[in-house]
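Q: Sequence and predicted structure, then a few things I'm wondering about:
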Amino acid sequence: MRKSVLFLVGLLLLAGAVPAGATSAPTYFNSATTPGADPFVHFDRASGYYYAYSTEGADPGYHFGIYRSPDLATWEHLPGGALKAGEAGTWAHDWFWAPELYHNERTGLYYLFYSGRMNQNVAEHFKYADFEEPSKVGVAVADSPAGPFRDVAPGPLDYHPFDPDYHDVNLIMDAAQKKPPATLAEGQTAPLGTYLPFIDPNVFFDADGRIYLYFSRNAYRNWVWDTDLGKYVEESNIYAVELTSDWWHDPSGTTKPAIAPSYRDTNLDPADPPGTRKDGWTPILNYGSDKQSWENAHVDDYAKTGGQKKDRRWAEGSTTVRTTDEHGKPVYRLTYSANNYENEHYGVGYATADSPLGPFRKSPANPVLSQDPAQGVYSTGHGSIVGSPDGSEDFYVHHGRPSTADSRRVYSSRMRVDGALAIDLTTADQPLPSGVGPLHLRSSERLLRLRPGVPGGTDVTVRSAPGAAFDLTNPLNRLHARLVPASAGTVEVSGGRVTVTMPRNGAGLLEIGYQRLRADGSYTEVPHGKALIPVLSRS
């Protein structure tokens, strides 16, 4: 007994002699190490994790990559993906793009809205079997943010938006569909009316309980005459439609979202045969009604590429949030991306309105997010808005490229709304989102009992204040461990496992610390990220 007491006293004295090391408040930086496109981020309060859903990143046999993170920076890729090919999303063939997730805390269900391109029954939805971009939106549901998601019901959303006033110039163009009529008069000889292919769903739940679906009309089959340029430009625009709410409140998750009755068949012509569907929509954002020159990066692509590309404009990837002004009145802010996502000039603007259906006016400060060659970030756009765990900060999580030749990566940028909306893109060190810390390190063992020459160890976790564990295999995180005295044995660290080997009888103290990578390539010790574990080696 006396020897054990003396041993424990000695360990406590030894613990006091272990130097604390340099520590600093934990930070993160945009390392551009996580592949991802069109990221939509959801903070899951039950688990404390942020979940990101990406157009890219799924394993073979799945659609849409899923990542999770405690801090919007150290992302962990989850195996598989959101939809298992052949089991969900079977109404579409390809172009699985822009997933977004919405959680009903009352029913516990998670709804995934996504877009895809059809290759079967195209004429039933778009009138013509050879319709080039027959994209629509699907809805899947799961009991967990990690999935697996299943389609709420077979087929895409029961929505058939139709534009009765559009002269369908594609019907008078050649097979390449890249050179439109040279004059407006010629274009107006084309037949009237076309169905809208649509992508990039964004669901907005207003304070009064009404639900709206915002989407981007594909540029295809939307040639718009530009009076300034004196030619047709093919555009994508942002539209909206109100949804009913019965699907949202269905605890079984088997009710497919439906458009509000006021939008159904509002574009029918009296001469249409029975059974025809021609639904309505509300215009939200386009170029012609609110011109901004930064959106014109591709209006001359046909000439620049020798006829290989179309003259186009894009307004896509929208996210709508509700804020209030200094008088407490609601202000609706809609972020959107413009220009081609493959181009370095891809960027983000925003517009405001007093109503969820507008009219929206673009900010004169646009673009509020764009390439920054000085920081090595290009093609910034198509993100989503998410709050910090304590709700005191907002972030715009988006994709970008670390060079013009690289693939898309995930970036998390602070977003401020102080009268105007601003997005602070930086690759420098910055504080963790408010409420992520303090961080806590935990060891599975309080005392290590070893046999001489036989390795033994402990599993270590580092968690955020809301309880999410950091992926310790991610190079942005690192465990650092040492044995005191160093002559007592050896220590190895692999991810979250710390292994000690002591060659002979003896005692020591295992010090384990948690470090984070900084933008300059160095590691810094994090406060509260430390454990001291007595180690005994006895034959």
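A: Received it, and whenever you're ready, just let me know what you need.

Q: can you map out the strands along the stretch 301-450 of the chain?
A: In the stretch 301-450 of the chain, the strands defined using DSSP state E, counting those that start in this stretch lie at 312-313, 315-324, 330-338, 347-353, 361-362, 378-387, 394-401, 409-418, 420-424, 430-431, 440-443, 448-450.

Q: Which among these is found nearest to Lys136?
A: For the strands of the stretch 301-450 of the chain, distance to Lys136 was read as CB to CB. The smallest value, 15.3 Å, belongs to strand 315-324. Backbone N, C-alpha and C define where each C-beta goes, glycine included.

Q: chain center to that closest one, what's the gap?
A: 14 Å (CA atoms, centre = their mean, to the nearest Å).

Q: what's the answer for stretch 242-255, then?
A: Worked out by CA atoms, centre = their mean, stretch 242-255 lies 24 Å from the chain centre.

Q: And for stretch 507-520?
A: The answer for stretch 507-520 is 31 Å, by CA atoms, centre = their mean.

Q: Show the average pLDDT along it.
A: Per-region confidence: stretch 507-520 scores 97 on mean pLDDT.

Q: Name the nearest residue to Val106, sequence neighbours excluded.
A: Not Val; residue 106 is Arg. His249 (7.8 Å; CB to CB, 6 or more residues apart in numbering).

Q: what's the average pLDDT for the strand or helix carrying Thr499?
A: Secondary structure from DSSP states H and E places Thr499 in strand 497-501. Average pLDDT, strand 497-501: 98.

Q: after it, next one along is what?
A: That would be, after strand 497-501 and using DSSP H and E, strand 506-517.

Q: which helices and strands sit right next to the helix or strand just after that next one?
A: Using DSSP H and E, the helix or strand that follows strand 506-517 in sequence is strand 523-537. Applying 3 or more CB pairs under 8 Å, 6 or more residues apart in numbering; DSSP states H and E, one finds that strand 523-537 contacts helix 2-17, strand 440-443, strand 448-450, strand 456-463, strand 477-484, strand 506-517.

Q: tell me which residues of strand 523-537 are tucked away?
A: Neighbour counts using 16 or more other CB atoms under 10 Å place 523-526, 529-535, 537 of strand 523-537 among the buried residues.

Q: from the residues you listed, which has minimum pLDDT?
A: Gly529 (73).

Q: For the closest residue to that one other than its chain neighbours, give its distance to Ala469.
A: Spatially, and ignoring its direct neighbours in sequence, Gly529 is nearest to Tyr514 (3.0 Å; CB to CB, 6+ apart). In this view, Tyr514 and Ala469 are 12 Å apart by CB to CB, to the nearest Å.

Q: Give the residue from those two that has the larger number of neighbours.
A: Taking other CB atoms under 10 Å, Tyr514 and Ala469 do not tie; Tyr514 has more neighbours (25 against 17).

Q: Now do the strand holding Thr499: distance to the chain's middle.
A: 37 Å.

Q: Show me what it pairs with in its sheet, parallel or antiparallel.
A: strand 456-463 (antiparallel), strand 490-494 (antiparallel) (DSSP bridges).

Q: domains of this protein?
A: With domains defined by automatic domain parsing, the chain comprises 2-25+437-537, 27-431.

Q: Can you say which of those is packed in most?
A: Counting by mean count of other CB atoms under 10 Å, domain 27-431 has the highest mean neighbour count of the domains of the chain, with a mean of 19.

Q: Next, the distance between the ends of that one.
A: End-to-end distance for domain 27-431: 5 Å, by CA to CA, to the nearest Å.

Q: could you give the mean pLDDT of it?
A: Domain 27-431 comes out at a mean pLDDT of 97.

Q: Quick check: neighbours shared by Tyr514 and Ala469?
A: Val462 (CB atoms under 8 Å, 6 or more residues apart in numbering).

Q: so Val139 sits in a strand?
A: Yes - Val139 forms part of a strand when assessed by DSSP: H, G, I helix; E, B strand; the rest coil.

Q: Not counting sequence-adjacent ones, nearest residue to it?
A: Val152 (4.9 Å).

Q: quick one: contacts for the one you found?
A: Val152 sits in contact with 111, 139-141, 247, 253-257, where contact means CB under 8 Å, 6+ apart.

Q: go again using 10 Å as the cut-off
A: 88, 109, 111-112, 138-141, 247, 250, 252-257 (CB atoms under 10 Å, 6 or more residues apart in numbering).

Q: Nearest to Thr305, out of these: which one, please.
A: Out of the contacts of Val152, the member with the shortest distance to Thr305 (by CB to CB) is Gly138, at 32.8 Å.

Q: my read: that closest one touches Ala98, true?
A: No - between Gly138 and Ala98 there is no contact under CB atoms under 10 Å: 11.4 Å.

Q: shared neighbours of the two, anything?
A: What both Gly138 and Ala98 touch, as defined by CB under 10 Å, 6+ apart, is the set 113-116, 201.

Q: Reformat these into CSV and put secondary structure and distance to Tyr128 next to each item.
A: Converted to CSV, the shared contacts of Gly138 and Ala98 look like this (DSSP: H, G, I helix; E, B strand; the rest coil; distance: CB to CB, whole Å):
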residue, secondary structure, distance to Tyr128
Phe113, strand, 26
Tyr114, strand, 24
Ser115, strand, 20
Gly116, strand, 19
Pro201, strand, 23
